[in-house]
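Engineer: Sequence and predicted structure below; questions after.
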Amino acid sequence: MENRTAYFINNYYLPVKFGIDLRWCEYSALVRSGQMSRDEALQKIKEPKPFEKDLLTEIKTRLSYDDKQWDGIMNAPNKHYTDYPTYKRTFERLRPFFFLLYKKGYVTRSFYDKFCVLKEEKAL
């Protein structure tokens, strides 16, 4: 079921719920490597994404969702990680401590940049 679930997520859930079409990444890489022309990629992106309709029914059955529950999920407003409690503010307050941990090699630079740098500084 792993491949069918990935197919479902990439070809139905992400495009319908969030407007994310992963073909942009794929076609962009093909254009950069010279395997596809830019015009060809733009033409292919206009084509509808392939999707097996019976897979949606299979997913709903596996999750024990009826049509009403499914529609509720798909029509619910999208959330951002800031809508949930996180430790981000704590990491920002403890920034000097995490900088020392970064310098000593206990945390990565990507961790420090992602979690400890203030939002206002990232905008600069």
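Structural biologist: Sure, I can see it. Just so we're clear, the structure is a prediction, and the values are computed from it rather than from any experiment. Residues are numbered from 1 along each chain as shown.

Engineer: for residue 80, phi and psi?
Structural biologist: Its backbone dihedrals place residue 80 at phi -120, psi 160, with angles given as degrees, to the nearest 10.

Engineer: how much space between it and residue 109?
Structural biologist: Noted for residue 80: a distance of 24 Å to residue 109, by CB to CB, to the nearest Å. Any C-beta I mention is one placed from the backbone N, CA and C, and that applies to glycine too.

Engineer: Equivalent analysis for residue 86, please.
Structural biologist: According to CB to CB, residue 86 stands 20 Å off from residue 109.

Engineer: Ok, residue 75 next?
Structural biologist: In this structure, residue 75 lies at 40 Å from residue 109, with CB to CB as the measure.

Engineer: neighbours around residue 70, how many?
Structural biologist: Applying other CB atoms under 10 Å, we find 14 residues neighbouring residue 70.

Engineer: Can you check the pLDDT for it?
Structural biologist: Predicted confidence (pLDDT) at residue 70: the value is 95.
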